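Q: make a model of this:
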Amino acid sequence: MESYQYVFDVAIILLTTKIFGIMSKRVDLPQVVGSLIAGLLLGPSILNLVQPSDFLSMLSELGVIVLMFSAGLQTDIGELRKSGKAAFFIALIGVLVPLAGGYALAATFNHGGDPLKNLFVGTVFTATSVSISVETLKELGKLSTRSGNAILGAALIDDVLGLILLTLITSASVGGVSLWMVLVKIVAFFTVTAGMGYFLHRGIQRWMASAHWNRKRFAVISVAFCFFYAYVAETVFGVADIIGAFCAGLIISNTARAIYVQSQCETLSYMFLSPIFFASIGLKVVLSSLNTRVIILAMASILVAILTKVVGCGLGAKLFHYTNAESLRIGVGMVCRGEVALIVTNKGISSGMIDSVFLAPIVLTVVSCAILTPILLRVVYPKSAAKDYSDMVHSDLVENFQEARQFDQATQTMLEMHNQLHGNHPNGLKRKPQGGSSSSGNKANTGTEQESSSKEDSDKT
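A: Numbering: from 1, shown residues only. Here you go, the predicted model:
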């Protein structure tokens, strides 16, 4: 008899990750932390309700691809250019120092070992997740300061540098292929992406701008292009599929309907694929392996993750004449790790480049950095009785970030207005009709509305 266990697995993962995600938000933590805890709870280590399976692994891979595609959609190359030399060097040194720290940690734990595998572990420490820092800085009223602007600009470049580094290491890790051939393939991939991407971007822009509303086909074809380019990157050029997905997002970003495509991808991601990916990471953590040696490794990982970002990004800031206090704030603001670190870890474990014993320490590092970053930011940005505006600066990066948040709020407001205009209570309950409208009139109106709605839906596909 055919087993339907996978249906139960998906249902229990989606429900549990959402419950723990809500609990995480209540204590000002990202929902990723809740999803990781949910996976750990459901997995073999505790309740043993869900077992890792090939089906969940494939869904997780799709989730990673969509996450990276969404990251590409949100990346503005124009904004990267505006970030300036200071942000670039803060990001560059803030990648190199954690890379060296992670490499040294892996080499110490592995007693030397394969240098490429040690580099892969180092790559995990390079990625910054700036969302928690940005929210904390907004709460403190410090996002528009010199240091806040530097954190936001460096974080944009940080992700791109980390992905380039991941491309080099994953491609070089393929056995039986010369280093020169690997470099040729990488150069060929980025050359083709840059050249073809320019013309594709212009063509997609014209196609999307030709419509007067958001057509569903824009999102469907964009996601199909994402999966196709991820496949091409992996099979033709030997570059990680997540790099292909990220580049696909870059090609479509800043087009007429990019925000609409991104919103549809986020719906697909947070409703289905992302919870399964993050929970699957938790499922793989084996608590029984947490012996004294692994616990020491976890503590060392947390220490390395914090110190290398503070030192690396702080040093980059000092080179561009930021004060000691500003340099410390920038370093602390870049400490938090998140989705990209978990994606790189998952990629490393599936490819055999990272030993599974590193999974638990890395998960603990991600969770610890998410908890500690807001606390440390509140320490390095002390509250004063008098408001200090001396270090406030105008920033296009900050303005664009705040515009995006305002767009989300406006969308929610429009949805509530739509519900009210159609006689719906905001919680989804239908209001009772007012006045003495006849049932026949209601039926006639209903028929007209259904016909109009059907025609409208057919137009918008």
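
Q: which helix is the longest one in this structure?
A: Of all segments of type helix in the chain, defined using DSSP state H, the longest is helix 179-209.

Q: which stretches of this protein have low pLDDT?
A: 1-2, 83, 175-177, 383-419, 422-461 (pLDDT under 70).

Q: quick check: angle from the helix or strand just after the longest helix of the chain to helix 179-209?
A: As assigned by DSSP states H and E, the chain's next helix or strand after helix 179-209 is helix 216-235. Counting by axes from the mean of the first three to the mean of the last three CA atoms, to 10 degrees, helix 216-235 points 170 degrees away from the direction of helix 179-209.

Q: so what does helix 216-235 touch, helix or strand wise?
A: Under the contact criterion of 3 or more CB pairs under 8 Å, 6 or more residues apart in numbering; DSSP states H and E, helix 216-235 touches helix 54-73, helix 241-252, helix 258-268. C-beta: built from backbone N, CA, C; applies to glycine.

Q: circling back: give me the helices and strands touching the longest helix of the chain, please.
A: Applying 3+ CB pairs under 8 Å, 6+ apart, one finds that helix 179-209 contacts helix 146-172, helix 241-252.

Q: picking up where we left off before, tell me the most buried of the helices and strands packed on helix 216-235?
A: Greatest average neighbour count among the helices and strands packed on helix 216-235 goes to helix 241-252 (a mean of 26), per mean count of other CB atoms under 10 Å.

Q: that one vs helix 54-73, what angle?
A: Using the same axes, to 10 degrees: helix 241-252 against helix 54-73 is 30 degrees.

Q: and R202, how many neighbours does it have?
A: Neighbourhood size, R202 [other CB atoms under 10 Å]: 11.

Q: swap that for S173, sorry
A: A count of neighbours around S173, defined by other CB under 10 Å, yields 19.

Q: hmm, L116 and it touching each other?
A: Yes: with contact defined as CB atoms under 8 Å, S173 reaches L116; the gap is 5.4 Å.

Q: overlap in contacts, these two.
A: Residues touching both S173 and L116 comprise M353, with contact defined as CB atoms under 8 Å, 6 or more residues apart in numbering.

Q: before we move on, back to that, and of the helices and strands packed on helix 179-209, who's closest to F69?
A: Smallest distance to F69 across those (CB to CB): 4.4 Å, for helix 241-252.

Q: so which other helices or strands are in contact with that closest one?
A: Against helix 241-252 (3+ CB pairs under 8 Å, 6+ apart) you get helix 54-73, helix 146-172, helix 179-209, helix 216-235.

Q: take the ones you listed and write them to CSV, including distance to N254.
A: Below are these laid out as CSV (distance: least, CB to CB, whole Å):
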stretch, distance to N254
helix 54-73, 9
helix 146-172, 14
helix 179-209, 8
helix 216-235, 13
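
Q: so which of those gets nearest G94?
A: When those are compared (using CB to CB), the closest one is helix 146-172, at 6.2 Å.

Q: before we move on, back to that, quick one: the longest helix of the chain to helix 146-172, angle?
A: Going by the same axes, to 10 degrees, helix 179-209 makes 120 degrees with helix 146-172.

Q: so what's the residue count around V27?
A: As a burial measure, V27 scores 9 neighbours (other CB under 10 Å).

Q: do the one 5 residues further on as well
A: Counted with other CB under 10 Å, the neighbours of V32 add up to 25.

Q: equivalent analysis for the one 10 residues further on, please.
A: The number of residues packed near L42 is 23, by other CB under 10 Å.

Q: what does the one 4 residues further on give?
A: Taking other CB under 10 Å as the neighbour definition, I46 ends up with a count of 12.

Q: assign a three-state SS to it, would you?
A: Three-state call for I46 (DSSP: H, G, I helix; E, B strand; the rest coil): coil.

Q: tell me the phi and psi of it?
A: Main-chain dihedrals, I46, degrees, to the nearest 10: phi -130, psi -80.
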